[in-house]
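Colleague: Need coordinates for the below:
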Amino acid sequence: MPEEIIKMPRMDKAEYDRLVEEQYICRIAFQGEKHPYIAPFIYVFDGRFMYFLSTNYGKKVQHFRDNPFVTVEIEHYSPDLSHFSFVALPGRLVQVEDASKKLAVREMFVRLIRSRVLSPNVLSALGHSPQEPVEVLLRDEKSSVWKLVGVSVDNILGLKGQSP
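Modeller: Modelled structure (predicted):
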């Protein structure tokens with residue numbers, strides 16, 4: 001008799017919304033040349049959209065230009081993996097051009113870095129020296145602001161570990 005396959009339970013909308021709101025690190029999967037290209041990002045969420053700062057160099061920029069359709073993956077797990085969950089959000093990245101919106105997003109990043117007491121080293125992932133004050137994000141545009149759009153509730157995949 002074949003063994004029963006246990007499937008991970010799906011998260012409901014409130015659960016994956018909470019995951020997106022509580023976390024700030026994700027991975028973005030771009031369509032690469034031969035294989036998918038996956039890059040880690042920190043993000044901010046305004047309650048409706050996710051925003052990312054991307055340095056203006058590297059493979060991710062070329063992949064974004066070639067094909068802005070991506071999947072953003074966010075996860076959370078306990079150290080012993082007794083509790084875990086993840087959500088995959090397929091959508092499209094767009095570059096934010098409006099100056100006031102870019103400044104508002106950069107201010108959200110400054111607040112995130114300060115409130116989470118992130119290391120100054122995170123600035124190096126955003127094109128800046130860790131020796132610079134975090135407010136450098138507000139005045140030097142060494143990074144582009146990207147926004148995730150076109151995410152359909154029907155295409156979101158959120159899964160979680162079984163409750164004991």
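Colleague: hey, let's count contacts and neighbours off CA atoms from now on
Modeller: Will do.
Colleague: longest single helix anywhere in this structure?
Modeller: When the chain is parsed with DSSP state H, its longest helix is helix 99-115.
Colleague: what element comes up after it heading to the C-terminus?
Modeller: Where DSSP states H and E defines the elements, the next helix or strand beyond helix 99-115 is helix 136-139.
Colleague: Quick check: what element follows that next one along the chain?
Modeller: Taking DSSP H and E, what comes next after helix 136-139 is strand 143-149.
Colleague: Tell me which strands that following strand pairs with, and in which orientation.
Modeller: Within its sheet, strand 143-149 is paired with strand 50-55 (antiparallel), strand 84-95 (antiparallel), according to DSSP bridges.
Colleague: I would like the residues contacting the shortest one, please.
Modeller: Counting contacts by CA atoms under 8 Å, 6 or more residues apart in numbering, the residues outside strand 50-55 that touch it are 41-45, 61, 105, 125-127, 142-148.
Colleague: Over to the longest one?
Modeller: The contact list for strand 84-95 (CA under 8 Å, 6+ apart) reads 16, 19, 64, 68-78, 144-152, 155-161.
Colleague: just stretch 101-119 next, same as before
Modeller: Counting by CA under 8 Å, 6+ apart, residues outside stretch 101-119 touching it are 43-44, 51, 96, 134-135, 137-138, 145.
Colleague: what two of these are the furthest from one another?
Modeller: Using CA to CA, those reach their maximum pairwise distance at 96 and 134, which is 20.7 Å.
Colleague: The lowest-mean-pLDDT helix or strand in the chain packs against which elements?
Modeller: Within the chain, no helix or strand scores below helix 136-139, which has a mean of 91 by mean pLDDT, DSSP states H and E. Judged by 3 or more CA pairs under 8 Å, 6 or more residues apart in numbering; DSSP states H and E, the packing partners of helix 136-139 are helix 99-115.
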